[in-house]
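Engineer: model the following, please.
(one chain, ligands or ions: 1)
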Amino acid sequence: MQAEIHSLFPTALYVNTYEGDTTEVVKYFDSQPMNAASQAAYGEISKNSYIINHPVCKSLNDFFMKCFEEYATNIMRYRYEKLEFAQSWLTYKQPGMFHKAHTHPNTLLAGVFYYDVQPNDSAICFSKEVKSFNRSYLEPSLLDDYQQYPFSQEEIYFTPKQNNFIIFPSWLSHGVPPNKTNRVRKALGVNALTKGTLGDQETISEIIFGRYA
Ligand SMILES: [Fe+2]
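Structural biologist: Residues are numbered from 1 along each chain as shown. Have a look, this model is predicted:
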């Protein structure tokens with residue numbers, strides 16, 4: 001007797017690949033000053049946190065926005081007029097550095113662009129919410145996390161390929177294990193949210209950005 005297992009409310013990790021030429025964009029990224037790692041568990045972040053606003057990123061941004069719109073509409077079912085980029089930043093992990101599990105507050109969608117993938121780079125690690133939506137408050141202690149059983153997993157790793165752009169909901173916890181290579185692991189982070197307003201008047205859920213300052 002073989003049981004069926006149905007996936008009821010899966011979380012979508014979106015993966016697309018940019019097919020344009022990134023030569024000039026990468027030169028621009030590599031010329032950017034970085035802040036020193038403020039905490040050992042975060043890695044380094046570019047001083048400019050609106051990094052894709054530069055014109056050299058134009059076609060890359062068009063691609064990012066198409067991906068965000070596809071995710072927002074078809075997966076999240078957002079009703080919105082337009083999306084816009086929030087902050088965007090370079091994130092480096094020097095050898096030995098890692099990024100502890102975190103979420104991206106005050107935004108809707110989180111994206112990562114892997115423009116410099118090298119062999120043995122650390123994967124990105126997604127974590128299940130603990131003591132929240134996916135867990136009972138009353139539970140036994142757990143066996144080891146066997147990765148071959150999808151429903152048992154507390155952590156799921158995704159190994160990006162060159163020029164992958166990934167999107168996930170900003171509330172989803174994620175991190176990067178220690179960089180075990182002898183080179184810098186590089187990626188670009190970009191957040192997106194609805195432009196101008198969030199929610200709507202009819203459902204008494206409206207925020208008008210800038211109104212309450
Ligand atoms: Fe992040």
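Engineer: so which residues of the chain form strands?
Structural biologist: With strands called from DSSP state E, the chain shows them at 14-17, 34-35, 44-46, 83-93, 99-102, 109-116, 124-127, 155-158, 164-169, 173-176, 185-194, 197-198, 207-208.
Engineer: what stretches of the chain score poorly on pLDDT?
Structural biologist: Applying pLDDT under 70 to the chain flags residues 40, 130-137, 146-147, 213.
Engineer: now the strands of the chain in a markdown table, with distance to residue 62?
Structural biologist: Placement of C-beta: from N, CA and C, glycine included. Formatted as a markdown table, the strands of the chain follow (distance: least, CB to CB, whole Å):
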| stretch | distance to residue 62 |
| --- | --- |
| strand 14-17 | 13 |
| strand 34-35 | 26 |
| strand 44-46 | 21 |
| strand 83-93 | 12 |
| strand 99-102 | 28 |
| strand 109-116 | 13 |
| strand 124-127 | 24 |
| strand 155-158 | 24 |
| strand 164-169 | 12 |
| strand 173-176 | 25 |
| strand 185-194 | 13 |
| strand 197-198 | 23 |
| strand 207-208 | 27 |
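Engineer: which one of those lies closest to residue 75?
Structural biologist: Residue 75 lies closest, by CB to CB, to one member of the strands of the chain: strand 14-17, at 7.0 Å.
Engineer: for that closest one, packing partners?
Structural biologist: If contacts are counted by 3 or more CB pairs under 8 Å, 6 or more residues apart in numbering; DSSP states H and E, strand 14-17 sits against helix 58-70, strand 164-169.
Engineer: same thing but at 6 Å, please
Structural biologist: On a contact count with 3 or more CB pairs under 6 Å, 6 or more residues apart in numbering; DSSP states H and E, strand 14-17 meets strand 164-169.
Engineer: now for the strand it packs on, which elements pack on it?
Structural biologist: strand 14-17, strand 109-116.
Engineer: which of those sits most buried?
Structural biologist: Each of the helices and strands packed on strand 164-169 was scored by mean neighbour count; the highest is strand 109-116, a mean of 22, by mean count of other CB atoms under 10 Å.
Engineer: make CSV from the helices and strands packed on strand 164-169 and add distance to residue 1 to it.
Structural biologist: Listed next are those as CSV, based on distance: least, CB to CB, whole Å:
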stretch, distance to residue 1
strand 14-17, 36
strand 109-116, 42
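Engineer: between these, which gets nearest to residue 91?
Structural biologist: strand 109-116 (8.2 Å).
Engineer: strand partners (parallel or antiparallel) of that closest one?
Structural biologist: Strand 109-116 sits in its sheet next to strand 164-169 (antiparallel), strand 185-194 (antiparallel), going by DSSP bridges.
Engineer: give me the buried positions along stretch 91-98.
Structural biologist: Across stretch 91-98, burial judged by 16 or more other CB atoms under 10 Å covers 91, 92, 93, 97, 98.
Engineer: one more: stretch 9-27?
Structural biologist: Those would be 13, 14, 16, 18, 22, 25, for stretch 9-27 by 16+ other CB under 10 Å.
Engineer: any idea how far the spatially closest residue to the first one that is not a sequence neighbour is from residue 209?
Structural biologist: The one in question is residue 13. Using CB to CB, 6 or more residues apart in numbering and skipping the chain neighbours, the partner closest in space to residue 13 is residue 168 (5.2 Å). With distances taken as CB to CB, to the nearest Å, residue 168 is found 23 Å from residue 209.
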